[in-house]
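> Here is my input, please return the structure:
(one chain, ligands or ions: 1)
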Amino acid sequence: MIYSNQNRWWQQISLLGYLQQQGWKPVGRRGREEVAGLCPLHPETRPSFYVNRRKQVFYCHGCGRGGDLVRLVELREGLSFAGALQRLAPVAGGDPLEETYRFYQAQLAYYPEARQYLAERGLWDQEILARLRIGYAPGTCLRAHLEGLGYPRTQLQNAGLMDERGRDRFFRCLTFPLEEAGNLYGRALGEGQPRHRFLPRPKGGLYGWKQARSYASLIVVEGLLDLAALWQAGFPQVVAVLGVWLNEQQMGQIGDSLARTVYVCLDSDAAGNRASQHLAGQLRQAGLPVRRVSLPWGHDPNSYLAGGGTAADFQRCLDQAQS
Ligand SMILES: [Zn+2]
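You can find the predicted model right below:
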């Protein structure tokens, strides 16, 4: 398990700010860094409690106690370390999902099977992997990481990150943060388990929309691996539906300009063709010019490019797409 000391969220909270928020008043200064006041841990009439603003620590000459913000909360409220973190979590506005994104992203470097999978999918461009914030969920260690950061288990269960037994929802998945939707997509590497996973909440709008919306044409693909492969091949005008049907939010996005040509490029197989027909129908009904892209049988955009298809080949498929 890889545990980072750099992202301890409670260290972002100002000790002095917290004290003042709790009604503590500084009554004097010592040097540029220290302020003094009455000790919040016991009754006293002369200030013997000092806060160092740079070091984010306190020390009381009256009771001899000192430490950081978490220690202060422990002493003041008689809480354990974990209890003090729970008390502080709302102050920091910490987000377990953002922390999860970061954690999984950091794991990718340590699990050859995940990197191997990306390599087999032809995804080698580190900049694109970083932009997508692709990560890996090895399973079993997310809970310890997040609980170590002070998030109570119930909060993690409510967020859908783990089940009631504390097991990681994204066990052995490549992970793709869906930041705008506050969701996470997982692509399972193992067999015999659901291949596509999300948190139990809406999938949100089209992935990649912000970047793609300014182009005169739009390539609609099913998944994030397709999108990554097309970005890598130099097609920035791609959006991923995260499935094969458009939800209301996604329809609203695509439909915001009727001048845009939409290329639908799903899997080239029986199921994919049915889905593509349906999706194209959805778009035509909204008045959009639609073309259906046919890749060689059995391929999706990712496998086509990974299997040796070049950017020029893909462009040819776009040019030949049927309206
Ligand atoms: Zn004291």
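> Okay, strands next: where are they in the protein?
28-30, 34-37, 49-52, 57-60, 66-67, 135-137, 173-178, 183-188, 196-198, 217-221, 238-240, 261-264, 290-292 (DSSP state E).
> So which of the ones you listed is nearest the ion?
With distances scored as C-beta to the ion, the stretch of the strands of the chain nearest to the ion is strand 57-60 (3.1 Å). C-beta here means a position set from N, CA and C on the backbone, and glycine is covered the same way.
> hang on, the earlier thing: tell me the most buried of the strands of the chain?
Neighbour counts (mean count of other C-beta atoms under 10 Å) averaged over each of the strands of the chain peak at strand 135-137, with a mean of 26.
> ok, back up a step: make CSV out of the strands of the chain and add distance to the ion and mean pLDDT.
Converted to CSV, the strands of the chain look like this (distance: least, C-beta to the ion, whole Å; pLDDT from 0 to 100):
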stretch, distance to the ion, mean pLDDT
strand 28-30, 15, 88
strand 34-37, 11, 95
strand 49-52, 6, 97
strand 57-60, 3, 97
strand 66-67, 9, 97
strand 135-137, 45, 96
strand 173-178, 44, 96
strand 183-188, 45, 95
strand 196-198, 50, 92
strand 217-221, 62, 97
strand 238-240, 57, 98
strand 261-264, 68, 97
strand 290-292, 72, 97
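> Mind putting those into a markdown table with distance to Gln315?
As requested, the strands of the chain are arranged in a markdown table below (distance: least, C-beta to C-beta, whole Å):
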| stretch | distance to Gln315 |
| --- | --- |
| strand 28-30 | 68 |
| strand 34-37 | 65 |
| strand 49-52 | 62 |
| strand 57-60 | 61 |
| strand 66-67 | 62 |
| strand 135-137 | 31 |
| strand 173-178 | 26 |
| strand 183-188 | 27 |
| strand 196-198 | 29 |
| strand 217-221 | 11 |
| strand 238-240 | 13 |
| strand 261-264 | 11 |
| strand 290-292 | 13 |
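> out of the ones you listed, which comes closest to Tyr111?
Nearest of the strands of the chain to Tyr111, taken as C-beta to C-beta: strand 135-137 at 5.1 Å.
> and that closest one, how far out from the chain's middle?
11 Å (C-alpha atoms, centre = their mean, to the nearest Å).
> what does that strand rub up against?
If you take C-beta atoms under 8 Å, 6 or more residues apart in numbering as the criterion, strand 135-137 is touched by 101, 103-108, 111, 114, 168, 170-177, 186.
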